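> here's my sequence, what's the structure:
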Amino acid sequence: MKQSVQKKHQWVRWATYASVSVAVTLVGIKLFGWWYTDSVGILASLLDSTIDIVASLMILVAVAIAQTPADQNHRFGHGKAEPLASLGQSVFIAGSALYLILYALERAWNPQAVSQPDLGIWIMVISMVLTLALILFQRKVVRETQSTAIAADSLHYVTDLLANVAIIVGLIFSVYQWLDPILGLLIGLWVGSQAVLLAIESSQQLLDKELPLNVREQIKNTVLSHPNVAGFNDLRTFLSGSTMMIQLDLELDDDLTLFKAHEITEEVTDLLHQQFEDADITIHQEPVSSRQDSHHHRWEMENKNLIE
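Sure thing, here's the model as predicted:
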C-alpha cells in the first residue's frame, strides 16, 4: 500500500509540473498573438494564462506541503494545504475576470478593429491543443489520486478551453467590431462564475464537509459485511486533500474479550482500506447494548439512510 500511495503522490507532482510548463508556454504564445492582433479576446486569454502561472505555482507548492508526512504539530497530516491553495486560486481567477469585464466594457464603448485575425486564429488553435492535452493528463491524474488541487486546476483549464473557442469565433467574425468585446465580456463572466464555484468547493473541504452519501453507503456496507459486527454509529467523514478521514463507533457483542474486540476492529479497518486505500481510519469499540442510548438514537434518525 505504501508504494501505491507514493505512486499517487508522484502522479500529482507530475501534474503540477505539467500545469506550470503549459501555463508559461501559453503566455508566450498568446502575448505574441495579442501584440500582433490587438484582440480583446486574446488579451483575455493572455491574462487568464498569466494568472494560471501564479495559480499553478500555488498548486505546486500546496501539493508539496500536502504530501509532507504528519508530524507532532500536524497529527492529521498537511492535506488541507490543497483546498487552501484552491481557495487562493479562486481569488486570483476572480480578480482577472473582473479586470477582463472592465476592459471589455471599455473596448465596447470605443471599438477597435482586430489586426491579422488569421494569425490570431492559429495562435488560439495551438493554445487549445496544448490546453486539451494538459486537461486529459490532469483528468487521468484525478482518477488515479482524487486530488482536489489537481481537479480544481483541471476545471480552470476547461474554462480556458471553452473561452478559446469563443475567442476563435470572435476572430472569424472580426469584421463585426462589437463582437470581440462582447465575447471578452462573456468569457469574463464565465471565468468569474467558475471562480465562485471553486471557492465554494474549497471552503467546504476546509470546513470538513461530510463525504457524499454514496461513499458513506459504501462505508456502511463494508463495515456491516464483517460477520461479528452488530452495527455501528457516529460515522464522521471528511476529506483532507486526497486523504479520506473516517471515524465511527463499532458495536460489538458485550461479552467479547478486549483482545477479540481489537482483532475484529483491525479486520474491519483492513476491509475499509481495501475500499479506500489512502483513508485515515479511527474506530472506537463499544458494547452493542449501548445502542439504546439517546445519543445514538439521534444519530440514527439523522442518518437513517446509512443504518439498517
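> immediately after the helix or strand where residue 163 lies, which helix or strand?
Using DSSP states H and E, residue 163 maps to helix 148-172. Next along the chain after helix 148-172, taking DSSP H and E as the criterion, comes helix 179-206.
> what is that following helix packed up against?
helix 40-66, helix 81-109, helix 148-172, strand 231-240 (3 or more CB pairs under 8 Å, 6 or more residues apart in numbering; DSSP states H and E). Where you see a C-beta, it was placed from the backbone N, CA and C, and this is true even at glycine.
> so can I have CSV of those showing distance to residue 214 and mean neighbour count?
Converted to CSV, those look like this (distance: least, CB to CB, whole Å; neighbours: other CB atoms under 10 Å):
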stretch, distance to residue 214, mean neighbour count
helix 40-66, 25, 23
helix 81-109, 21, 20
helix 148-172, 17, 22
strand 231-240, 12, 19
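> right, and these - which one's nearest residue 31?
helix 40-66 (5.9 Å; CB to CB).
> what mean pLDDT does that closest one have?
Average pLDDT, helix 40-66: 73.
> likewise for stretch 81-99?
On average, stretch 81-99 scores 74.
> list of residues touching it?
Stretch 81-99 is contacted by residues 47-48, 50-51, 54-55, 58-59, 61-63, 65-66, 147-149, 152-153, 156, 188-189, 191-192, 194-196, 198-199, 201-203, 205-206, 241-242 when judged by CB atoms under 8 Å, 6 or more residues apart in numbering.
> related to what we said a few turns ago, distance to residue 181 added to the helices and strands packed on helix 179-206, as JSON lines?
As requested, the helices and strands packed on helix 179-206 are exported to JSON lines (distance: least, CB to CB, whole Å):
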{"stretch": "helix 40-66", "distance to residue 181": "5"}
{"stretch": "helix 81-109", "distance to residue 181": "4"}
{"stretch": "helix 148-172", "distance to residue 181": "9"}
{"stretch": "strand 231-240", "distance to residue 181": "41"}
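> which among these is found nearest to residue 139?
helix 148-172 (6.2 Å).
> okay, the angle between that closest one and helix 40-66?
Inter-element angle recorded for helix 148-172 and helix 40-66: 170 degrees (by axes from the mean of the first three to the mean of the last three CA atoms, to 10 degrees).
> mind starting the numbering at 59 from now?
Happy to do that; since the first residue is 59 now, the last one works out to helix 206-230.
> counting by contacts, list what helix 206-230 packs against.
Helix 206-230 packs on helix 60-95, helix 98-124, helix 139-167, helix 175-203, helix 237-264, going by 3+ CB pairs under 8 Å, 6+ apart.
> so that helix versus helix 237-264, what angle?
Using the same axes, to 10 degrees: helix 206-230 against helix 237-264 is 170 degrees.
> relative to helix 60-95, how tilted is helix 206-230?
In terms of direction (the same axes, to 10 degrees), helix 206-230 departs from helix 60-95 by 20 degrees.
> could the helices and strands packed on helix 206-230 be laid out in TSV, adding distance to residue 227?
Listed next are those as TSV, based on distance: least, CB to CB, whole Å:
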stretch	distance to residue 227
helix 60-95	15
helix 98-124	9
helix 139-167	15
helix 175-203	10
helix 237-264	7
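> which one of the ones you listed lies closest to residue 308?
Closest approach to residue 308 among the helices and strands packed on helix 206-230 is made by helix 60-95 (24.9 Å; CB to CB).
> list the buried residues in that closest one.
66-67, 69-70, 73-74, 76-78, 80-82, 84-85, 87-89, 91-92, 95 (16 or more other CB atoms under 10 Å).
> and residue 343, what element?
Assigned by DSSP H and E, residue 343 falls in strand 338-345.
> list the strands paired with that strand, with their directions.
Here strand 338-345 has these sheet partners by DSSP bridges: strand 301-310 (parallel).
> strand 289-298 and the helix or strand following the strand it pairs with, what's the angle between them?
Next along the chain after strand 301-310, taking DSSP H and E as the criterion, comes helix 316-333. Orientation note: helix 316-333 sits at an angle of 50 degrees relative to strand 289-298 (the same axes, to 10 degrees).
> identify all contacting residues around helix 316-333.
59, 276-277, 280-281, 283-284, 286-287, 304, 308, 310, 314, 337, 339, 341, 343.
> may I see the ChimeraX selection of the buried members of these?
Selection command for ChimeraX covering only the buried members of those, criterion 16+ other CB under 10 Å:
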select :277,280,281,284,287,304,308,310,314,339,341
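> look up how far residue 87 lies from the nearest residue to residue 221 once chain neighbours are set aside.
Spatial nearest neighbour of residue 221, chain neighbours left out: residue 245 (4.5 Å); criterion: CB to CB, 6 or more residues apart in numbering. Between residue 245 and residue 87 the distance is 17 Å, computed by CB to CB, to the nearest Å.
> again with residue 217
Relative to residue 87, and taking CB to CB, residue 217 is found at 18 Å.
> thanks a lot, see you next time.
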